[in-house]
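Asker: Pasted the sequence and its predicted model underneath.
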Amino acid sequence: QVQLVESGGGLVQTGGSLRLSCVVSGGTLGNYGMGWYRQAPGKEREFVIGSTWSGATTSSADSVRGRFTIARDNAMNTVYLQMNSLKPEDTAVYYCAASSKGSSRYSYWGQGTQVTVSS
């Protein structure tokens with residue numbers, strides 16, 4: 001059973017940076033497309049950025065383009081979300097998700113990590 005565990009969230013000031021990590025267990029990272037989503041209080045979960053199983057960035061939300069990047073270390077079975085120039089509107093619980101090779105559907109989800117950006 002594939003399990004995802006996020007870490008690295010916390011409190012940061014506007015303009016600051018954070019790097020989230022997502023460790024994948026029970027499977028080989030190279031076999032999965034990976035994505036990051038977020039959910040702010042009172043809002044629906046939204047897609048942030050994704051990566052194919054080969055490591056290419058698939059797409060990113062307009063609101064984070066140019067500020068957030070996704071990277072993966074297959075040897076460490078870990079995916080990263082680098083967040084720069086953070087804004088208060090980036091405050092949310094961030095989730096990583098995995099999709100099996102050949103599928104566009106994210107089938108596995110982590111428990112989430114809180115990111116709070118103070119103004």
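Answerer: Now that the structure is in, tell me what you want to look at.
Asker: quick one: pLDDT of Ala56?
Answerer: Turning to Ala56, the model gives it a pLDDT of 81.
Asker: who does the residue nearest to Ser60 when sequence neighbours are not counted bridge with?
Answerer: Closest residue in space to Ser60, ignoring its immediate chain neighbours: Ile49 at 4.1 Å, by Cβ to Cβ, 6 or more residues apart in numbering. Bear in mind the C-beta positions are built from the backbone N, C-alpha and C, glycine included. Ile49 has these beta-bridge partners by DSSP bridges: Trp36, Ser60.
Asker: May I see the buried residues of the helix or strand bottoming out on mean pLDDT in the chain?
Answerer: For the chain, counting by mean pLDDT, DSSP states H and E, strand 57-60 ranks last in confidence among helices and strands (a mean of 79). Residues of strand 57-60 classed as buried: Ser60 (neighbour count, 16 or more other Cβ atoms under 10 Å).
Asker: Cool, thanks, talk later.
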